[in-house]
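Engineer: turn this into a model:
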Amino acid sequence: VQLQASGGGLVQAGGSLRLSCAASGRTISSYFLGWFRQAPGKEREFVGYINWSSGATYYTDSVKGRFTISRDSAENMVYLQMDRLKPEDTAIYYCAAREIRQQVWGYWGQGTLVTVSS
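Structural biologist: The predicted structure is shown next:
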């Protein structure tokens with residue numbers, strides 16, 4: 001699976017941004033498509049994922065109610081809609097894929113930088 005993330009940029013606190021991730025290479029119907037982020041000087045952390053088949057989503061507590069993951073099955077696209085952004089959301093955001101039956105996120109896209117100014 002090849003993944004290509006895009007959509008990062010600079011936004012003021014309280015604003016919104018939508019990241020996109022294009023998936024290609026194989027059928028991803030039995031995959032989770034997820035988002036991770038890595039802030040400066042910190043370890044990479046999980047943000048959330050979507051079950052490609054069912055559309056079910058899961059989020060880490062710090063983004064619940066503010067971030068929404070969705071997919072476009074026809075275009076093989078995954079989106080991360082980020083609302084009410086905070087300066088602490090500043091990070092490089094990565095999309096990743098994992099087969100549902102596996103434990104490891106085995107496929108990664110390049111990151112896209114999101115900077116939230118206060």
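
Engineer: same for the host helix or strand of Ala23, what does it pack against?
Structural biologist: Element membership for Ala23, per DSSP states H and E: strand 17-24. With contacts taken as 3 or more Cβ pairs under 8 Å, 6 or more residues apart in numbering; DSSP states H and E, strand 17-24 sits against strand 2-6, strand 31-38, strand 77-82, strand 91-99, strand 112-117. The C-beta positions use only the backbone N, C-alpha and C, and glycine is treated the same way.

Engineer: how far does stretch 1-20 sit from the chain's center?
Structural biologist: Centre-to-centre, stretch 1-20 and its host chain are 9 Å apart (Cα atoms, centre = their mean, to the nearest Å).

Engineer: please apply the same query to stretch 87-105.
Structural biologist: Per Cα atoms, centre = their mean, the centroid offset for stretch 87-105 relative to its chain is 6 Å.

Engineer: also stretch 62-77?
Structural biologist: That offset, for stretch 62-77, works out to 7 Å (Cα atoms, centre = their mean).

Engineer: same thing with stretch 59-69?
Structural biologist: On Cα atoms, centre = their mean, the centre of stretch 59-69 falls 11 Å from that of its chain.

Engineer: I'd like the helices and strands packed on strand 17-24 as CSV, with mean neighbour count, distance to Asn51 and mean pLDDT appended.
Structural biologist: Shown next, in CSV, are these (neighbours: other Cβ atoms under 10 Å; distance: least, Cβ to Cβ, whole Å; pLDDT from 0 to 100):
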stretch, mean neighbour count, distance to Asn51, mean pLDDT
strand 2-6, 16, 16, 96
strand 31-38, 22, 6, 97
strand 77-82, 21, 11, 98
strand 91-99, 22, 10, 97
strand 112-117, 17, 23, 98
